[in-house]
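> Give me the fold of what follows.
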Amino acid sequence: MTEPSAQRPAGRRTFGPVVLVGVASAALAAWAASKPWVSGTGADSSAQASLSVATTAAGEIASSPLGTALAFVVLACWGVLLVTRGRFRRVIAGLAVLAATGYVATVVWAPFSLPDHLVEQVRRRTGVTLEDTALTGWFWLACVAALLVLASTVLALRLVRTWPEMGTRYDAPTGARATGGVDPAQAPGDRPTENIDIWKALDDGRDPTA
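Numbers count the residues shown, from 1 in each chain. Down below sits the predicted model:
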């Protein structure tokens with residue numbers, strides 16, 4: 001019987017750090033994925049204009065739009081986790097893990113797909129042939145972000161049941177709860193006639209003419 005109460009303090013201690021790491025790493029993952037993960041060098045060093053165009057094209061096609069989208073999904077999941085409760089909250093935590101796993105898979109697959117894609121697209125767009133390609137620092141930053149994103153979402157899925165939840169007072173008031181537990185239609189007493197009673201009725205949210 002004391003296990004749930006013992007879990008709550010532990011959950012409160014982990015809530016802030018895990019959420020902070022999760023949000024920061026997801027933002028970092030989205031930023032890194034929007035940058036070029038692969039760079040290339042051309043064979044003809046004298047064609048400076050063409051190489052400049054090739055560099056611009058590389059910045060557009062050597063990034064990972066899929067990684068960016070998945071990172072934003074994780075960010076959105078963290079936002080939902082902060083304002084939901086119960087089973088739906090655990091479902092969102094599971095969705096965050098899936099999106100984080102997808103981001104990790106995107107990072108792992110990038111070295112096998114992006115270099116060839118870069119060479120082909122630069123050749124088509126500019127006519128420049130890239131002799132060599134290399135992974136950029138943005139890719140390695142994305143690797144670090146991927147590990148943090150996956151670790152934080154897995155921890156969220158495991159610990160979300162013990163985390164504090166938004167109170168019911170933030171829910172939209174309905175029924176008798178909106179009037180402090182008293183239904184105006186069933187409230188005892190006659191229709192107020194004195195000015196002071198009328199003002200009291202208005203303060204209580206009741207229609208004095210009803």
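
> Name the SS class of D116, please.
What DSSP: H, G, I helix; E, B strand; the rest coil gives for D116 is helix.

> number of nearby residues for it?
11 (other Cβ atoms under 10 Å). Every residue, glycine included, has its C-beta placed from N, CA and C.

> So for it, what's the pLDDT?
D116 carries a pLDDT score of 86 in this model.

> repeat for E120
84.

> any idea which element it lies in?
E120 belongs to helix 86-126 when assigned by DSSP states H and E.

> By mean pLDDT, which helix or strand of this protein comes out lowest?
The least trusted helix or strand in the chain, going by mean pLDDT, DSSP states H and E, turns out to be helix 48-61, with a mean of 51.

> Tell me which stretches of this structure form strands.
Counting by DSSP state E, the chain has strands at residues 38-42, 130-135.

> same for the last one, what does it pack against?
Using 3 or more Cβ pairs under 8 Å, 6 or more residues apart in numbering; DSSP states H and E as the contact test, the elements touching strand 130-135 are strand 38-42, helix 86-126.

> Partner strands of it, with direction?
strand 38-42 (antiparallel) (DSSP bridges).

> Measure how buried A110 is and give me the count.
A110 has 23 neighbours, counted by other Cβ under 10 Å.

> where's it relative to H117, distance?
Applying Cβ to Cβ, to the nearest Å, the value for A110 to H117 is 10 Å.

> And R161, by the same measure?
In terms of Cβ to Cβ, R161 sits 42 Å off from H117.

> Kindly report the same for V19.
Distance check for V19 against H117: by Cβ to Cβ, it reads 35 Å.

> The two - which one has more neighbours?
Neighbour comparison, V19 and H117: the larger count goes to V19, with 17 against 14 (by other Cβ under 10 Å).

> got the contact list for the residue lying closest to that one once chain neighbours are set aside?
Nearest residue to V19 in three dimensions, chain neighbours excluded: W78, at 6.5 Å (Cβ to Cβ, 6 or more residues apart in numbering). Contact partners of W78, counting by Cβ atoms under 8 Å, 6 or more residues apart in numbering, are 19, 22-23, 26, 96, 156.

> now do S25
Contacts for S25 (Cβ under 8 Å, 6+ apart) come out as 145, 148-149, 152.

> what's the burial count for G67?
G67: 25 neighbours (other Cβ under 10 Å).
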